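1. pasted the sequence and its predicted model underneath.
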Amino acid sequence: MKPKLRVLILCTANSARSQMGEGLLRTLSQNQIDVYSAGTTPSQVNPYAVLAMADVGIDIRNHTSKSLNQFMHQEFDYVITVCDNAAETCPVFPGPAKRIHWSFPDPAAVEGSHEEKLAAFVRVRDAIEEQFRLWLAETNF
């Protein structure tokens, strides 16, 4: 039996996109990939990310925001950045891992009503899910 792939998903605050990505990839791979997420300036998991994920049956309520530094001496097969490179400085991770960058807008930057904010998170969640589905198909996982 081959070892599980190890994937680290990075964004700036590890509060929304990377957290949703962690939950989505773990679910889409049926827990067959070891998935972690982190950020360069961790804060707390955004409640709208929790709501958007609960909407598709994925519970990330117990996720915590983690610092990239926690993972610096670990090896990963893939490091995937999910920040908006037009608006942010994406984290850099050293080491031999294959690097992938997918640019997603920060849903936490959206202002407006509760419904408008949640809709922004749902849009980004759906875009991340689509990207992971394509990636899993391309990698023949």
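-> Okay, I see it. This one's a predicted model, so the numbers in the text were calculated from it and none came from an experiment. Residues are numbered from 1 along each chain as shown.
2. wait, isn't I128 in contact with M20?
-> Yes: under the criterion of C-beta atoms under 8 Å, I128 makes contact with M20 at 5.7 Å. Every residue, glycine included, has its C-beta placed from N, CA and C.
3. of the two, who's got more company?
-> M20 (35 against 23; other C-beta atoms under 10 Å).
4. tell me the contacts of the more buried one?
-> Neighbour list for M20: A49, A52, M53, I60, F121, V124, R125, I128 [criterion: C-beta atoms under 8 Å, 6 or more residues apart in numbering].
5. check these and tell me the two furthest apart.
-> Within the contacts of M20, I60 and V124 form the most distant pair, 13.8 Å apart (C-beta to C-beta).
6. same drill for the two, tell me which one is more crowded.
-> V124 (25 against 21).
7. so that one touches G21, yeah?
-> No: the pair V124 / G21 is not scored as a contact, 9.7 Å apart, by C-beta under 8 Å.
8. let's verify Q44: helix, strand, or coil?
-> Classification of Q44 by DSSP: H, G, I helix; E, B strand; the rest coil places it in coil.
9. quick revisit: any chance of JSON lines for the contacts of M20, columns pLDDT, secondary structure and distance to Y36?
-> Below are these laid out as JSON lines (pLDDT from 0 to 100; DSSP: H, G, I helix; E, B strand; the rest coil; distance: C-beta to C-beta, whole Å):
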{"residue": "A49", "pLDDT": "98", "secondary structure": "helix", "distance to Y36": "16"}
{"residue": "A52", "pLDDT": "99", "secondary structure": "helix", "distance to Y36": "20"}
{"residue": "M53", "pLDDT": "99", "secondary structure": "helix", "distance to Y36": "16"}
{"residue": "I60", "pLDDT": "98", "secondary structure": "coil", "distance to Y36": "13"}
{"residue": "F121", "pLDDT": "99", "secondary structure": "helix", "distance to Y36": "21"}
{"residue": "V124", "pLDDT": "98", "secondary structure": "helix", "distance to Y36": "19"}
{"residue": "R125", "pLDDT": "99", "secondary structure": "helix", "distance to Y36": "19"}
{"residue": "I128", "pLDDT": "98", "secondary structure": "helix", "distance to Y36": "16"}
